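Student: Here's a sequence, model it:
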Amino acid sequence: MSKVRVSVIIPTYRCGKYIAAGIDSVLAQTRQPDEIFIIDDGSTDDTQAVVSSYSDPRIRYVQMPHRGTSAARSKGIDLATGDYLAFLDADDLWRPTMLEKQLAVMERDETLVCSFTNFGRFQEGSNKVFPDQFVFYPEMDELPLTKHADGCTFTVEGDAFVHFLRFIEIPVYMQCMLFRRSLIADMRLNESIGRCQDREFVLRVFMRGKVAFTREILADIRRHGSNTTLDLSLMALDKLRATLPLRQVVDTPARRAALNDRLVKSWIDAATALIRAGRRTDGLGHYAKTFTVPGSRRRKVRGTARIAYELVTSFAARGPGSRAAQQNLQTQLVRRREPAADTDPVEPEGIGHRGIDATEGTQTAGEAGLSHQLDGRR
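Tutor: So this is what the prediction gives:
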């Protein structure tokens, strides 16, 4: 194990306030990384000064014009020379055995393309801590698994892409993962997606090999006012945008069927978000898209009931407060350029959150049978 090399990639954008803690958590690893790339995506704060205070020769600080997290992560992949790649967002933290334990799992099985860990969440400026995020993924208990000797690590048997695409949410952050570089060396993140680009990337990774995970919490995700995923109201549109490009890369009938079923859900989720924003016509247009996708008839029927409920609710809630909230969401939609109902977003040729906060924003009891906590996940 001592012969393999581990590369750590830390993309950052105006995180001078947090990045020292992140770097320190990497340097405190019981299995030390061999190289650390800090990819500065055009920061205008004191990030460079903070990073310059470190004299460790393994740290390389790379500046680039502001192009987004996808470009910064891809730049790190370009530069990395390690056998394994690990990503840490500049505002998050690793626990000391993060690399050691994941590397041990990966080294035992060369067919593994990646492994991921459980994680905790904490709210900056408060005592709020949300431990053990896996409890919000009940589908984890339904996976076909092989248990490792430690009792808390598992290998997912079968097609991980198909299995995880069926989850309501995908229980991984890139900063909780370790990737085998030889199996993903030709892959880069899709810069056209924006938010949820890590989701699309990870799903493509899942098509490259087997996947393992540990229920042990080895990373801590920070919540603060600058998180790109703090705004949850229109996350469904981002998830739709991140799912559509997968149509170009699915390569088996089983994967195609799983993706189609996911697309039905994604169009319905996006339609729901638009209706809640007061954009009923656009929402109905997105809902109509579900019938152009081969997929589960049951999901479409449930989606129809869900859209009907949202329409009734939106017409009933027409007070001043509701109108103000809708106007705010409409402004966000314009800024984000959501996929139009009558056309798909332009997708790049070839290949191209983020995780979950299930402690907030749960849906009402009137939405029984619907996907739980759609808007309450980070």
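
Student: what about R95, how many neighbours?
Tutor: 18 (other C-beta atoms under 10 Å). Quick note: C-beta positions are derived from backbone N, CA and C, even for glycine.

Student: One more: G120?
Tutor: If we define neighbours as other C-beta under 10 Å, then G120 has 16 of them.

Student: residues touching it, list them.
Tutor: Each residue near G120 by C-beta atoms under 8 Å, 6 or more residues apart in numbering is listed here: 129-133, 217, 219-221.

Student: do the same with L311
Tutor: For L311, the contact set (C-beta under 8 Å, 6+ apart) comprises 275, 280.

Student: measure it to G283 for me?
Tutor: Distance from L311 to G283, counting by C-beta to C-beta, to the nearest Å: 8 Å.

Student: intersection of neighbour lists for those two?
Tutor: In contact with both L311 and G283: I275, using C-beta under 8 Å, 6+ apart.

Student: Straight-line length of stretch 43-52, end to end?
Tutor: 14 Å (C-alpha to C-alpha, to the nearest Å).

Student: residues of that stretch that come out buried?
Tutor: For stretch 43-52, a neighbour-count test (16 or more other C-beta atoms under 10 Å) marks 43, 47, 50-51 as buried.

Student: ok, back up a step: would you list the contacts of G120 in TSV and tack on pLDDT and distance to G278?
Tutor: TSV is the format used below for the contacts of G120 (pLDDT from 0 to 100; distance: C-beta to C-beta, whole Å):
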residue	pLDDT	distance to G278
V129	85	36
F130	84	31
P131	82	37
D132	87	37
Q133	87	32
I217	96	40
A219	96	38
D220	94	37
I221	93	32
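
Student: Return the members of these classed as buried.
Tutor: 130, 133, 217, 219-221.

Student: Mind picking the two most distant members of these?
Tutor: F130 and A219 (12.8 Å; C-beta to C-beta).

Student: Which ones among the buried residues of stretch 43-52 map onto helices?
Tutor: Among the buried residues of stretch 43-52, DSSP state H puts 47, 50-51 in helices.

Student: which residues in the stretch 151-300 of the chain form helices?
Tutor: Taking DSSP state H, counting those that start in this stretch as the criterion, the stretch 151-300 of the chain carries its helices at 160-165, 181-184, 197-206, 235-243, 253-276, 280-289, 297-316.

Student: tilt between the fourth one and helix 280-289?
Tutor: Right, the one you point to is helix 235-243. Interaxial angle of helix 235-243 relative to helix 280-289 (axes from the mean of the first three to the mean of the last three C-alpha atoms, to 10 degrees): 40 degrees.

Student: Return helix 235-243 as CSV; C-alpha atoms alone will do.
Tutor: The C-alpha trace of helix 235-243 is given here as CSV (Å, rounded to 0.1, in the frame of the first residue of the first chain):
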residue,chain,number,x,y,z
MET,A,235,-32.9,22.5,-7.0
ALA,A,236,-35.2,20.2,-9.0
LEU,A,237,-34.3,22.2,-12.2
ASP,A,238,-30.6,21.7,-11.6
LYS,A,239,-31.1,18.0,-11.0
LEU,A,240,-33.0,17.7,-14.3
ARG,A,241,-30.2,19.5,-16.1
ALA,A,242,-27.7,17.1,-14.5
THR,A,243,-29.7,14.1,-15.5
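
Student: what's the average pLDDT for it?
Tutor: In this model, helix 235-243 has an average pLDDT of 92.

Student: Point out the other helices and strands that that helix packs with.
Tutor: helix 197-206, helix 253-276, helix 320-336 (3 or more C-beta pairs under 8 Å, 6 or more residues apart in numbering; DSSP states H and E).

Student: and the first one, what does it pack onto?
Tutor: In this structure, helix 197-206 makes packing contacts with helix 69-79, strand 112-123, helix 160-165, helix 235-243, judged by 3+ C-beta pairs under 8 Å, 6+ apart.

Student: Can I get those in a markdown table including distance to H148?
Tutor: What follows is the helices and strands packed on helix 197-206, written out as a markdown table (distance: least, C-beta to C-beta, whole Å):
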| stretch | distance to H148 |
| --- | --- |
| helix 69-79 | 28 |
| strand 112-123 | 11 |
| helix 160-165 | 16 |
| helix 235-243 | 31 |
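
Student: A273 and L240 touch, don't they?
Tutor: No: with contacts counted by C-beta atoms under 8 Å, A273 stays clear of L240, the gap being 9.1 Å.

Student: okay, G355: pLDDT?
Tutor: 34.

Student: Secondary structure element holding L85?
Tutor: Taking DSSP states H and E as the definition, L85 sits inside strand 84-87.

Student: worst-scoring helix or strand of the protein, pLDDT-wise?
Tutor: Of all the helices and strands that make up the chain, helix 320-336 has the lowest average by mean pLDDT, DSSP states H and E, namely a mean of 52.

Student: care to break the protein down by domain?
Tutor: Domain ranges of the chain: 6-223, 235-352, per automatic domain parsing.

Student: Comparing those domains, which yields the minimum mean pLDDT?
Tutor: Looking at the domains of the chain, the bottom one is domain 235-352 with a mean of 78.

Student: May I have the beta-bridge partners of the residue lying closest to V156 once chain neighbours are set aside?
Tutor: Among residues not flanking V156 along the chain, V211 sits closest, at 4.8 Å (C-beta to C-beta, 6 or more residues apart in numbering). Here V211 shows beta-bridge partners C114, V156, assigned using DSSP bridges.

Student: so V211 sits right up against M106, yeah?
Tutor: No: with contact defined as C-beta under 8 Å, V211 does not reach M106; the gap is 10.7 Å.

Student: from what I can see L143 touches H163, true?
Tutor: Yes: counting by C-beta under 8 Å, H163 is a contact partner of L143 at 5.8 Å.

Student: No further queries at this time; thank you.
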